[in-house]
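[1] could you work out the structure for the sequence below:
(one chain, ligands or ions: 1)
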Amino acid sequence: MPSASSLASRLLRREILDLHAYHVPDCAGYIKLDAMENPYVLPVEVRSEIAEAVASAEINRYPDPSAASLKQAISNLLNLPEDMGVLLGNGSDELIQVLAMALNKPGATLLSVEPSFVMYRMIATFIGMRYVGVPLASDYTLDLPVTLEAIAREKPALIFLAYPNNPSGNLYPAEQVEQIIQAAEGLVVIDEAYYAFASDSFISRLALYPNLLVMRTFSKLGMAGLRLGFLAGSNAWLEQLEKLRLPYNVGVLPQRVAGILLQHHELLLRQAEQIKVDRAWLYHELSEIAAVRVYPSEANFLLFRVAQAAEIYAGLKQRGVLIKILTGAQLKDCLRVTVGTPEECAKFIAALHETLTQLSLG
Ligand code: PMP
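    Next comes the predicted model:
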């Protein structure tokens with residue numbers, strides 16, 4: 001009888017065998033600045049409100065398959081016109097998958113820039129869609145001529161642009177993004193995962209472009225544990241994409257809890273404002289260190305480059321601070337730190353100074 005592992009290697013698709021699973025390190029006991037989470041817990045009154053709603057939730061029943069009231073709350077928040085709406089996903093990761101599946105005609109291409117959010121490429125691989133990554137310039141700004149050339153050549157059915165970008169944190173000039181939308185014959189999805197920390201958004205431009213959708217997640221705004229993302233745009237697109245959404249992708253509890261949290265949207269936005277203040281402090285501290293090059297960010301994290309990044313990552317970890325080490329030729333020696341509370345940011349900076357001194361880089 002063949003072993004399970006030899007059977008798996010024989011039966012599974014080559015691309016899947018070649019993939020490395022998305023690695024999430026064990027974070028117990030660390031100051032967790034690796035995953036772009038909001039560091040603040042909710043005030044006790046809001047927690048009680050959630051506790052009550054959870055206690056009375058009918059978890060023996062399937063959720064409302066259309067999540068009508070949550071969708072309405074989000075549409076209202078965005079001030080969407082009548083002919084537009086939202087499609088909900090179990091995190092925005094799921095929506096990337098829905099979009100890729102929907103547009104993957106034989107020979108179709110998904111295009112993004114690199115480095116950017118790794119799931120665009122990974123999901124293309126999962127579903128067997130052709131993927132093209134157009135390199136960003138060395139400072140992670142858009143290389144517009146190269147990008148427009150690639151769009152003309154590859155004629156992608158689907159383009160993802162993270163705005164601001166992950167892992168670099170920068171917000172491309174809106175006019176450049178508009179040129180890309182205008183040049184594209186396919187669908188362009190502006191991924192605004194970090195909208196709460198950014199100075200611009202494409203929501204108000206949705207009506208201008210029939211090939212534009214905006215994707216957002218609530219993960220960075222304090223709801224990472226709920227898994228809730230959405231696509232906003234014309235109902236003509238969303239009605240079709242709804243067909244691919246698994247019927248109960250947003251559970252009873254996320255629907256109820258997110259509904260409550262959106263009534264406290266102001267509170268979450270105030271937390272985001274605090275994070276922006278602390279981002280400025282952290283940026284300043286990092287820019288004062290000669291050995292470090294820090295990149296401008298409109299997200300809730302900062303990318304920085306430093307010699308011996310792997311040793312610095314390890315030194316920080318030893319001192320109880322977990323950040324993210326990046327890989328790939330364009331991200332050589334790059335580390336990404338999420339903006340935490342002021343205390344967490346201060347501990348990170350102190351641990352970084354100690355590590356740099358220990359390595360004789362400080
Ligand atoms: N888009 C971007 C640009 C991201 O950085 C992330 C999370 N790191 C996501 C989408 C996915 O977020 P979620 O699945 O938590 O909604």
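
[2] show me the domain layout of this protein.
    Residue ranges for each domain of the chain read 4-43+266-358, 58-264, as given by automatic domain parsing.

[3] which among those is found nearest to the ligand?
    domain 58-264 (2.8 Å; C-beta to the nearest ligand atom). Quick note: C-beta positions are derived from backbone N, CA and C, even for glycine.

[4] that closest one spans what distance, first to last residue?
    23 Å (C-alpha to C-alpha, to the nearest Å).

[5] what's the mean pLDDT across it?
    Averaged over domain 58-264, pLDDT sits at 97.

[6] what do you get for stretch 317-333?
    97.

[7] that stretch vs the ligand: in contact?
    No. Stretch 317-333 is not in contact with the ligand by C-beta under 6 Å from any ligand atom; minimum separation 10.1 Å.

[8] the longest helix along the chain: how far from the chain's middle?
    With residue count as the measure and DSSP state H as the assignment, the chain has helix 265-287 as its longest helix. Put simply, helix 265-287 sits 18 Å off its chain's centre (C-alpha atoms, centre = their mean, to the nearest Å).

[9] cool, and stretch 33-50?
    In terms of C-alpha atoms, centre = their mean, the centre of stretch 33-50 is set 18 Å apart from its chain centre.

[10] that one - what's its average pLDDT?
    Rounded mean pLDDT across stretch 33-50 is 96.

[11] residues in contact with that stretch?
    The contact list for stretch 33-50 (C-beta atoms under 8 Å, 6 or more residues apart in numbering) reads 24-25, 27, 166, 194, 219-222, 224, 257, 260-261, 264, 267-268, 271-272, 274-275, 299-301, 321-324, 336-341, 344, 348.

[12] which residues touch the spatially most central residue of the chain?
    By C-alpha atoms, centre = their mean, the chain has its centre lying nearest to residue 193, at 4.6 Å. By C-beta under 8 Å, 6+ apart, residue 193 lies in contact with 92, 117, 162, 166, 215-217, 219-220, 229.

[13] for residue 305, helix, strand, or coil?
    When classified by DSSP: H, G, I helix; E, B strand; the rest coil, residue 305 comes out as strand.

[14] the residue nearest to it when sequence neighbours are not counted: neighbour count?
    Nearest in space to residue 305, with sequence neighbours left out and distances taken as C-beta to C-beta, 6 or more residues apart in numbering, is residue 293 at 4.5 Å. Close neighbours of residue 293, defined as other C-beta atoms under 10 Å, add up to 15.

[15] part of a strand, is residue 293?
    Yes. Counting by three-state DSSP, residue 293 is located in a strand.

[16] how close does it sit to residue 334?
    Here the criterion is C-beta to C-beta, to the nearest Å. By it, residue 293 lies 9 Å from residue 334.
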